[in-house]
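**Q** sharing a model prediction with you, sequence too.
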Amino acid sequence: MQRLTAIPLAHLRPLHSDSPQPAIFDHCYEVQEMFPQFGATAESLSKASSAVFRIGTDAHLYDDPEDVVKNVASQSLEVKKLVYLYLLHYAEKRPNEALLSINCFQKDLGDPNPLVRAWALRAMAGIRLHAIAPLVLVAVGKCARDPSVYVRKCAANALPKLHDLRLEEITPSIEEVVGTLLNDNSPGVVGAAAAAFASVCPNNLALVGRNYKKLCETLPDVEDWGQILLIGILLRYVIARNGLVKESIMSSYSPENYNSGNEDTYANFDLKEKANDLVTRIPGSEVADMVSKCYLEGPDKYLSRSSYADNGSLQFTSAKSDDDVKMLLQCTSPLLWSHNSAVVLAAAGVHWIMAPRENIRRIVKPLLFVLRSSNASKYVVLCNIQVFAKAMPSLFAPHFEDFFISSSDTYQIKALKLEILSSIATDSSISAIFQEFQDYVRDPDRTFAADTVAAIGLCARQLPNLASTCLDGLLALATPKSLNSESGYGEGEPIVLIQAMISINAIIKLDPPSHEKVIIHLVRSLESIKVPAARSLVIWMVGEYNSVGHIIPKMLPTTLKYLAWCFSSEALETKLQILNATVKVLLCTKGEDLSTFKSILSYVLELARSDLNYDIRDRARVFMKLLSCYICSHGAEEEEKHQPNDKDLPRLLAECIFRGQTKTMSPEPVSYRFYLPGSLSLIVLHAAPGYDPLPEPCSLAYNDNGPYLNTAVGVSSRDSYKVEDLDTMSRSMDEESTCSDGSQDSATGSSGNGMSGSASGGEDNTGSFINFSDVATSIKNQDGGSDENDARFGVNDLGELMSKSALESWLDEKPDSSHSSPEESDVRRSLARISIGDIAGRVKPKTYALLDPANGNGLKVDYTFLSEISNVSPLLICVEVSFTNCSTEAISELILSNVDDNSQDSSDGAPTTESPLTSHSDVPTLVPMEEITNLKSGQSTKRILHVRFDHHLLPLKLVLWCNGKKHPLKLRPDIGYFVRPLPMDIAQFSYKESQLRGMFEYTRRCTFIDHIRELDNDKGESSLTKDKFLIICESLGLKMLSNANLFLVSVDMPVAANLDDTSGLCMRFSCEILSNSVPCLITITLQGKCSEPLDVSVKVNCEETVFGLNFLNRVANFLP
């Protein structure tokens, strides 16, 4: 058989090309030779094959998808694969046709060929429609236990696609499948499961705890990219479970413990404090502490505090005694020499955070080896090494030669290497580093040369004993002989000169008196320095250090006269510094030079007042106001008369501004925003999407009775994914799965706090209010002869039930039940079955917003689902719609209609395919509503709508006409009202439940807390309190009946000596689906203490798989 890949791709050209081309299907005869058994369908197969080659072009290849989709049942693997690819790419454009193939996908899930099973699962997961999400979940659950490794890996890859649908109802079930796949024996499956875990539930670390040891053992065999994700997951789990390692760099330690050997040279290591614009001298140990805080809290949260936090509240463990930490470090050690640079970096990050300080050195050589790779990998690794070197300089100090610049390095890599060299420089290595710096300064790239000058200044401040040597070199750069020539500066030289001045200024700040000669040298070179930024720095030093030493004060008159003489020709920044320097000198001078400086200041201010730049003019006006006492005095007498005194407020303000202690500023471009090693955020220096700090240490609780547990689990592990009869699901899908655009819609939230729904059966209970019977967990021992009225629900005063003393006396009559052993009580528990009267009056309807007044020109439309059975057709749902006029004008001609009734909106309407919920073609989608002719301002009115939804997850598109204007609306369904009450007694319930086991039974767990508020209110209202169990039954019953149209079958209360234990309390509800009268049974079992949140187990038995799963998720969502 000739393979399709034999067709030359050169003959496959886009249909929209204007150039002459052969027909796209010139090779149809080859396809026909491939599939002679299909005869007339060969043309459609050729279209499918061509579609695969031309995916991504706008050629309208999906005009006739039925001819392609029907070949999904082909026995040929080539044809089947082509159709699967076709469906994946065009399912969103033609969802109805894609849904037609779901049954074939489900059948292919049981194919003996693992490739076919994997393709079918991948195609199902790729068709991202909300309507089939439950089916995909069941298929993924089945494939997660497939004997083929490839199929299980495809199941893991399908989980993120399923999670992207953002259906909260299926999230717990997805997480349970992730936990199953993490426990797989195949490294390939584990890697894919790690990717699914990171995408679906990255914070559910309890799933990792169950398989931690196995995951560590599997880690070296996982594929490269799976290793990266799995390493991060294991690291987060260990920290959340055991805490940080007290011997690691993440713990708070003193400088004495940190400094050893040559590390004492880093005691003056400076960093720029961007959080509060104050730069303080921070030793390397404090930098490490800062790094650990940023790792745990995130830089934004850490920098928002004004001071460092104490590590005392953190939980620490020991790497020597903690088995989990030792196992993690042991399994990641071989990965330090992986051929994948990203894996090396991830493993190095684990050792950097968790390894003891004496063992961190093992990450050095692997990281240096990675520097031999591509420039992109080199840059990423250098960004991480930069942080490591700042927190622990001695780590890379012996390997300084590895950071020397290479001619092939990009500018970004050169800059990082310079910063690392300046951080790890020591007394023994600084000479070799300076020799390299001398060559770098001569580099043709003057920007790189300027960075080198900045690195020299950083080394001088880090090693104070070498400051004089650094200053000599920097002065040579700042005042070169070539600058005295008429040719001026070469291209790029100003950058080097400015950076040299910045570095000199930073060194002088450390000890100004010892560098008096340097300041004098710079002042004498002012005439040769023509760069405005460099001149302004020198002038700033003149004003700042005007009283340093004995020579500088004597130079000031001449220097200021020179600056005043050239003021008019200076640049803006230089003029501003001349003004500031003159004021500083004047404020600090006393004696005979005061009059000279006054004259200079007056002259400069006069020039500044007439300057073209408004900044200069404004600065001059401010100075004239502040220093009026100096400017207005003339002569000796006037001078003494106007001598400033302590009460001269403007002068005091000027002194506070110009004579205050100068902030020490560091020019090094160091950021305090430290992010986790290997993360994208560390490269871009801001929190990238998806970045998450390390979890809080010891935040993961451990259950001593077993593995880590989740309170919300999905379908029960016993039979959640037992899909033996996929034909049943296919039949269900045929009945419940067509709508073209409903998968794009999301549910609308409630507009109020009221509870919705209603109860059926409004007759009062005239029989006995409470009946006791010995009820065992075995159904055979139950009494099925209870009266039908006793099984109904309602609202009589629950306080009339038997008191606690009567209950205890009843217990005394049966001592066997109260004194049974624990083992026996687990098998057989005494229960009291009660019947509750009519509670329909207490069911509060839940109201949803259909149209907001802001969008409806003052018209507010709300709707509420009713439990009434429609008198038009039993397939219709009754919805009460409330219209309120919130505007100041009357609204007329108000009516709701189906969107399909408007021909002009046919393009936006629902698909014309027959709805799966309707088996009768004569049932309308919406029964015509009676028109509201006039609705006055502030008036409200209600109408009952009889509607038929296409699907229990898809909204119904409506059009609201008012005042001649059209408002498109969406009426969103509530699956709780797609059923009607099904009266039955406990015997019938038990019999029907026994028929719906296995794949028709679904279980979820959740928490119920509504009863706590009721118990608190009952205590405060009166001294006579209701029984706690009855309050719980009432709260739970109202919650269920307010959100679904159900029939309360029975309530079983535990009868035991412990009156605060609800274990065994069971409520049973029954209903049937409107569309096909299929029964649906709900069993709710409680555990826990009455006064605490209760653990609720919800079980649904229903033959309709999709409906049952969605109904279960709905119940589990509204109960908490």
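**A** Sure thing, it's come through.
**Q** check contacts around I944.
**A** Listed by CB atoms under 8 Å, 6 or more residues apart in numbering, the contact partners of I944 are 866, 878-881. Glycine gets a C-beta too; all of them are placed from N, C-alpha and C.
**Q** beta partners of it?
**A** E880 (DSSP bridges).
**Q** and the longest strand along the chain, what other elements does it pack with?
**A** As assigned by DSSP state E, the longest strand anywhere in the chain is strand 859-869. Contacts defined by 3 or more CB pairs under 8 Å, 6 or more residues apart in numbering; DSSP states H and E place strand 859-869 against strand 848-851, strand 877-885, strand 956-962, strand 979-981.
**Q** quick one: which of those is nearest L1094?
**A** The closest of the helices and strands packed on strand 859-869 to L1094 is strand 979-981. By CB to CB, the value is 24.8 Å.
**Q** okay, now the sheet partners of that closest one, with direction.
**A** For strand 979-981, using DSSP bridges, the partner strands are strand 1066-1073 (antiparallel).
**Q** now the angle from the helix or strand just after the partner strand to strand 1066-1073?
**A** Scanning forward in sequence from strand 1066-1073 by DSSP states H and E, the next helix or strand is strand 1079-1087. Orientation of strand 1079-1087 against strand 1066-1073 (axes from the mean of the first three to the mean of the last three CA atoms, to 10 degrees) gives an angle of 160 degrees.
**Q** report the mean per-residue pLDDT for strand 1079-1087.
**A** On average, the pLDDT along strand 1079-1087 is 92.
**Q** what helices or strands is whichever helix or strand comes after it leaning on?
**A** Reading on from strand 1079-1087 to the C-terminus, the next helix or strand found by DSSP H and E is strand 1094-1102. Judged by 3+ CB pairs under 8 Å, 6+ apart, the packing partners of strand 1094-1102 are strand 1001-1008, strand 1079-1087, helix 1105-1118.
**Q** what angle separates strand 1094-1102 from strand 1001-1008?
**A** Going by the same axes, to 10 degrees, strand 1094-1102 makes 150 degrees with strand 1001-1008.
**Q** distance check, the nearest residue to Y411 once chain neighbours are set aside against I424.
**A** Sequence neighbours aside, F448 is the residue nearest to Y411 in space, at 6.3 Å (criterion: CB to CB, 6 or more residues apart in numbering). Separation of F448 from I424 (CB to CB, to the nearest Å): 19 Å.
**Q** out of the two, which sits in the more crowded spot?
**A** When neighbours are counted by other CB atoms under 10 Å, F448 and I424 differ, and I424 comes out ahead with 25 against 20.
**Q** leaving out chain neighbours, which residue sits closest to that one?
**A** Nearest one to I424, counting by CB to CB, 6+ apart, is A397 at 4.5 Å.
**Q** burial of the one you found, as a residue count?
**A** 20.
**Q** now swap in N211 and tell me
**A** Using other CB under 10 Å: N211 sits among 21 other residues.
**Q** please apply the same query to the one 10 residues further on.
**A** The number of residues packed near D221 is 13, by other CB under 10 Å.
**Q** contacts only, for it.
**A** Counting by CB under 8 Å, 6+ apart, D221 has contacts P187.
**Q** and the gap between it and L329?
**A** With CB to CB as the criterion, D221 and L329 are 18 Å apart.
**Q** same list (the contacts of I944) but as TSV, adding neighbour count.
**A** Shown next, in TSV, are the contacts of I944 (neighbours: other CB atoms under 10 Å):
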residue	neighbour count
L866	19
C878	21
V879	24
E880	16
V881	21
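**Q** dump these to a markdown table, plus pLDDT and distance to K1039.
**A** Converted to a markdown table, the contacts of I944 look like this (pLDDT from 0 to 100; distance: CB to CB, whole Å):
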| residue | pLDDT | distance to K1039 |
| --- | --- | --- |
| L866 | 87 | 18 |
| C878 | 90 | 21 |
| V879 | 90 | 21 |
| E880 | 90 | 21 |
| V881 | 91 | 25 |
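**Q** of those, closest to V1096?
**A** Out of those, the member with the shortest distance to V1096 (by CB to CB) is L866, at 26.6 Å.
**Q** nearest residue to that closest one other than its sequence neighbours?
**A** Nearest to L866 is C878, by CB to CB, 6+ apart, at 4.2 Å.
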